[in-house]
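S.K.: Let's see this in three dimensions:
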Amino acid sequence: MATQNPEFDLVVYGAASFVGKILTHYLYQRHGSDGELKWAIAGRNQAKLDAVNAGLEQPLPTLIADAGDRAALDTMVQQCRVVVSTVGPYDLYGSDLVASCVEHGVDYCDLTGEAQWMRKMIDQHQSQAEQTGARIVHNCGFDSIPSDLGVHFLQQHAKSEFNEFCNDVRTGVKGARGGMSGGTVASLINVVKQASKDATLRKELQNPYSVCPKAFRKGVRQRNVTKPEYDETMRSWLAPWVMAAINTRVLHRSNALLNRAYGDDFKYDESMMMGDGAKGRLRASGLAAAMGGFLGLSALAPTRQLLEKFALPKPGEGPSPEAQEKGFWDYRLYGKTPNGNEMVVKVTGDRDPGYGSTAKMLGEAAVCLAQDVRKEDKAGGFWTPATVMGDKLIDRLIAHAGCQFARLS
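M.R.: Residues are numbered from 1 along each chain as shown. Purely as a prediction, here's the structure:
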């Protein structure tokens with residue numbers, strides 16, 4: 001069980017990583033080093049943590065723990081209420097930390113988009129997390145807070161106005177600008193490598209219900225935008241959206257954790273909105289072809305190695321501060337209820353999606369988990385951002401993280 005009155009409310013694990021530095025500076029700007037939030041930074045290398053502290057007016061406490069040293073992780077975990085981890089790919093470096101948090105009843109959040117790893121953690125640790133009270137919350141960055149909380153926001157409005165939830169939701173990415181994330185690329189390549197050798201994993205990756213509780217891993221057939229198509233409601237040509245693979249799974253897990261409150265026939269999909277007319281169709285065709293080509297090249301070992309060596313950003317690499325500042329993202333969610341009522345909402349954020357905005361969303365999620373969500377209100381287990389934090393996190397994101405949630409119609 002969790003240590004009574006631990007020294008820290010929050011520990012940032014991986015504070016010297018690219019996104020970890022951004023997260024640390026964001027939390028420092030919000031909370032300082034000696035305010036109400038008691039927090040520390042952690043990682044495997046003291047010199048790198050000292051370098052992070054060198055950029056702050058007042059240094060933060062530091063803790064040392066290697067991702068593969070379970071004893072050190074246990075020592076770190078027992079000193080706090082919440083661990084927020086930026087150390088990925090999580091399938092390679094994150095399992096021992098989750099196991100430690102579960103064993104000691106300590107809450108945890110991260111920004112993973114690795115569905116196969118999430119399912120493994122859920123299957124291995126759900127029962128123990130329920131016993132110890134640890135709340136484990138994956139997907140607290142750009143994947144999948146805009147989607148998960150966007151649907152939560154939409155559903156609350158639909159229930160209030162129509163007295164029914166939407167059982168059909170389509171999310172269109174109206175626009176996004178930001179540099180490619182080396183960490184995200186590394187996670188994607190790791191999944192591709194595993195899937196190329198494992199037929200069972202390939203089958204699992206085709207199941208949109210794969211991270212749901214075991215009793216909910218089957219359901220109605222889902223839409224999946226894999227080629228250009230036109231949507232009359234959105235009035236736009238659609239193209240595949242790279243984040244849809246993880247976001248759709250998170251949404252179905254949220255619905256399952258709510259005992260399928262959105263309906264046994266709940267459908268959800270995501271795509272890029274490329275515009276109307278011939279130009280929109282051309283853009284959708286071009287993006288679909290580019291994504292198909294990338295996935296095809298990634299699936300073959302020789303071309304994958306060339307991509308990794310010459311074309312793709314490495315873990316720890318990312319956009320400049322100026323690029324982060326100029327970035328943005330804009331989601332539109334189109335919902336329909338069983339009785340045909342329709343509603344549209346938008347969710348937007350400033351900063352580039354993969355780093356600047358993700359760091360702010362992850363930071364607010366971690367503090368929300370530490371300060372706003374009481375243990376007696378939410379039991380231990382593997383939750384999604386919407387099901388464990390919901391409106392509390394939306395309020396934080398609007399107030400502090402440059403996000404907006406608004407109804408359009």
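
S.K.: what about the stretch 201-350 of the chain, any weak spots by pLDDT?
M.R.: Under the criterion of pLDDT under 70, the regions of the stretch 201-350 of the chain flagged as low confidence span 310-311, 315-316.

S.K.: can you give me the strands for it?
M.R.: Using DSSP state E, counting those that start in this stretch, the strands of the stretch 201-350 of the chain run over residues 229-231, 236-239, 267-273, 328-336, 342-350.

S.K.: Using a markdown table, please lay out those strands together with mean neighbour count.
M.R.: From N, CA and C alone the C-beta is placed, and that goes for glycine too. What follows is the strands of the stretch 201-350 of the chain, written out as a markdown table (neighbours: other CB atoms under 10 Å):
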| stretch | mean neighbour count |
| --- | --- |
| strand 229-231 | 15 |
| strand 236-239 | 25 |
| strand 267-273 | 24 |
| strand 328-336 | 21 |
| strand 342-350 | 20 |
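
S.K.: and P6, which of those strands is closest to it?
M.R.: The minimum distance between P6 and the strands of the stretch 201-350 of the chain falls on strand 342-350, with 31.7 Å, by CB to CB.

S.K.: who's in contact with the closest one?
M.R.: If you take CB atoms under 8 Å, 6 or more residues apart in numbering as the criterion, strand 342-350 is touched by 146, 149-150, 153-154, 157-158, 161-162, 166, 174, 233, 327-336, 356-357, 360-361, 401-409.

S.K.: and these, which are buried?
M.R.: Neighbour-count burial (16 or more other CB atoms under 10 Å) applied to these gives 146, 149-150, 153-154, 157-158, 162, 166, 174, 327-336, 356-357, 360-361, 401-403, 405.

S.K.: residues in contact with the residue sitting nearest the centre point of the chain?
M.R.: With distances taken as CA atoms, centre = their mean, N139 lies nearest the centre of the chain, 2.4 Å away. The neighbours of N139, taking CB under 8 Å, 6+ apart as the test, are D110, L111, T112, G113, M118, I145, D148, I246, V250, T384, P385.

S.K.: Now do it against C109, distance only.
M.R.: For N139, the distance to C109 equals 9 Å [CB to CB, to the nearest Å].

S.K.: What are the boundaries of the strands in the stretch 1-150 of the chain?
M.R.: 8-13, 39-43, 62-64, 80-85, 107-110, 135-137.

S.K.: I'd like to know how many residues surround L201.
M.R.: When neighbours are counted by other CB atoms under 10 Å, L201 registers 15.

S.K.: And Y93, by the same measure?
M.R.: Taking other CB under 10 Å as the neighbour definition, Y93 ends up with a count of 16.

S.K.: Which residue lies closest in space to it, excluding its sequence neighbours?
M.R.: Distances taken as CB to CB, 6 or more residues apart in numbering put A67 closest to Y93, at 4.2 Å, once the chain neighbours are dropped.

S.K.: Would you confirm that the one you found contacts G94?
M.R.: Yes. Here A67 reaches G94: they are 7.2 Å apart, a contact under CB atoms under 8 Å.

S.K.: Give me the common contacts of those two.
M.R.: V87.

S.K.: still on that earlier bit, could you export the strands of the stretch 1-150 of the chain as a markdown table, including mean pLDDT, mean neighbour count and distance to D372?
M.R.: Below are the strands of the stretch 1-150 of the chain laid out as a markdown table (pLDDT from 0 to 100; neighbours: other CB atoms under 10 Å; distance: least, CB to CB, whole Å):
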| stretch | mean pLDDT | mean neighbour count | distance to D372 |
| --- | --- | --- | --- |
| strand 8-13 | 98 | 25 | 12 |
| strand 39-43 | 98 | 25 | 15 |
| strand 62-64 | 98 | 19 | 24 |
| strand 80-85 | 98 | 28 | 11 |
| strand 107-110 | 98 | 28 | 12 |
| strand 135-137 | 98 | 25 | 12 |
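
S.K.: got JSON lines for these, with distance to R281 too?
M.R.: Formatted as JSON lines, those follow (distance: least, CB to CB, whole Å):
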{"stretch": "strand 8-13", "distance to R281": "45"}
{"stretch": "strand 39-43", "distance to R281": "48"}
{"stretch": "strand 62-64", "distance to R281": "54"}
{"stretch": "strand 80-85", "distance to R281": "42"}
{"stretch": "strand 107-110", "distance to R281": "38"}
{"stretch": "strand 135-137", "distance to R281": "39"}
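
S.K.: Which of those sits closest to V367?
M.R.: Each of those was scored for nearness to V367 using CB to CB, and the closest is strand 8-13 (6.7 Å).

S.K.: ok, V151 - contacts?
M.R.: With CB under 8 Å, 6+ apart, V151 has these contacts: V169, T171, L251, S254, Y262, Y268, L333, G335, A386.

S.K.: and with 7 Å instead?
M.R.: Residues in contact with V151 (CB atoms under 7 Å, 6 or more residues apart in numbering) are V169, L251, L333.

S.K.: Likewise for P228?
M.R.: Residues touching P228, when contacts are defined by CB under 7 Å, 6+ apart, comprise W237, L238, A239, R281, A284, S285, A288.

S.K.: Next one: it relative to E325, how far apart?
M.R.: Computed as CB to CB, the P228 to E325 distance reads 33 Å.

S.K.: now, which of the contacts of N139 sits nearest Q78?
M.R.: Taking the contacts of N139 together and measuring to Q78 by CB to CB, the closest member is D110, at 18.9 Å.

S.K.: Tell me the confidence at the closest residue to G32 other than its chain neighbours?
M.R.: Residue nearest to G32 in three dimensions, not counting chain neighbours: Q58, with 7.1 Å by CB to CB, 6+ apart. For Q58, the model assigns a pLDDT of 97.

S.K.: didn't Q58 look like it was pressed against S33?
M.R.: Yes. Shown here, Q58 and S33 form a contact pair, counting by CB atoms under 7 Å, at 4.3 Å.

S.K.: Between the two, which has more neighbouring residues?
M.R.: S33 (17 against 9).

S.K.: Against T200, how distant is the spatially closest residue to L37 that is not a sequence neighbour?
M.R.: Nearest residue to L37 in three dimensions, chain neighbours excluded: H31, at 4.2 Å (CB to CB, 6+ apart). Distance, H31 to T200, using CB to CB: 44 Å.

S.K.: Please apply the same query to S160.
M.R.: In this structure, S160 and T200 are separated by 43 Å, where distance is defined by CB to CB.

S.K.: From L287, how far off is the residue nearest to the centre of the chain?
M.R.: When distances are taken as CB to CB, N139 and L287 turn out to be 24 Å apart.
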